[in-house]
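Trainee: attaching a predicted model along with its sequence, questions to come.
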Amino acid sequence: MKNHKLQITNYKAGYTFVEVLVSMAIFSIIIGAALGVFSSTLKNQRNILARQQVLGEMSYALEYMSRSMRMAKKDDLDGVHCLVADKANYEITPELGIQFRNYNNVCQKFFLEDEQLKEDKAGVILALTSDSIRVTKFSINLSGEQQPPSDNLQPAATILLEITNSDNTIIQFQTTLSQRDLDVQY
């Protein structure tokens with residue numbers, strides 16, 4: 001029988017310094033890219049949430065104003081004189097807001113003050129927008145006849161709001177509305 005010698009060779013297990021450096025560089029690039037994407041996603045999410053808050057708040061303010069103005073009444077009651085003009089529906093105020101007699105026969109006004117949209121209802125003034133939103137423009141355009149005797153058109157009001165949020169993004173909102181009560185001769 002033949003004698004077979006078993007030869008065992010010891011190999012050292014491990015990596016060279018160059019292999020470790022290359023793997024660390026690749027790992028660092030992958031982690032850096034992942035952190036950059038994560039950071040960008042968080043920043044975008046914050047911006048989206050801030051804009052969503054602005055849109056929600058302005059949607060509420062416009063809906064509240066629109067609902068109140070659609071339910072306005074002609075200022076023709078004895079003892080209730082909200083407007084300077086006789087038997088008018090709406091009136092632009094000196095501070096470029098709008099005033100009208102609401103469905104409860106109370107004088108109601110919307111106006112801009114200190115970059116906040118505000119409401120004055122029977123002398124009680126409330127802010128409709130928060131401090132985090134700056135309303136930079138509030139304008140109202142009235143159309144349709146406002147007073148007799150040539151009262152042939154339904155009065156309508158177009159509201160334009162321009163706001164600036166905390167990241168200086170400018171957003172404009174516009175809506176046109178008219179009273180629910182018909183105020184035309186037919």
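Mentor: On my side now, so go ahead. Because the structure is a prediction, the values reported are computed rather than measured.
Trainee: ok, which stretches of the chain are helices?
Mentor: Applying DSSP state H to the chain gives helices spanning 17-70.
Trainee: grab the most central residue of it for me.
Mentor: L55 (2.6 Å; C-alpha atoms, centre = their mean).
Trainee: spatially nearest residue to it, not counting backbone neighbours?
Mentor: I171 (7.6 Å; C-beta to C-beta, 6 or more residues apart in numbering). C-beta: built from backbone N, CA, C; applies to glycine.
Trainee: run through the bridge partners of the one you found.
Mentor: Beta-bridge pairing for I171 (DSSP bridges): I163.
Trainee: pull the contacting residues for it.
Mentor: Listed by C-beta atoms under 8 Å, 6 or more residues apart in numbering, the contact set of I171 reads R51, V54, L55, M58, E162, I163, T164, N165.
Trainee: now, of the residues you listed, which are buried?
Mentor: Among the contacts of I171, those classed as buried by 16 or more other C-beta atoms under 10 Å are V54, M58, I163, T164, N165.
Trainee: which of those lies closest to L42?
Mentor: N165 (18.2 Å; C-beta to C-beta).
Trainee: phi, psi for the closest one please.
Mentor: Torsion angles at N165 (phi, psi; degrees, to the nearest 10) stand at phi -90, psi -170.
Trainee: residue contacts, it?
Mentor: A50, R51, V54, S132, I133, R134, I171.
Trainee: do I have it right that the first one meets N168?
Mentor: No: at 11.3 Å, A50 and N168 do not qualify as touching, with contact defined as C-beta atoms under 8 Å.
Trainee: these two: which has the busier surroundings?
Mentor: The neighbour comparison of A50 against N168 (other C-beta atoms under 10 Å) goes to A50, with 16 against 7.
Trainee: ok, now how distant is that one from S39?
Mentor: Distance, A50 to S39, using C-beta to C-beta, to the nearest Å: 17 Å.
Trainee: E119 too?
Mentor: According to C-beta to C-beta, E119 and S39 sit 41 Å apart.
Trainee: rewinding a little: put together a markdown table for the buried ones among the contacts of I171, with distance to F17 and pLDDT on each row.
Mentor: Formatted as a markdown table, the buried ones among the contacts of I171 follow (distance: C-beta to C-beta, whole Å; pLDDT from 0 to 100):
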| residue | distance to F17 | pLDDT |
| --- | --- | --- |
| V54 | 55 | 84 |
| M58 | 61 | 89 |
| I163 | 60 | 90 |
| T164 | 57 | 84 |
| N165 | 53 | 75 |
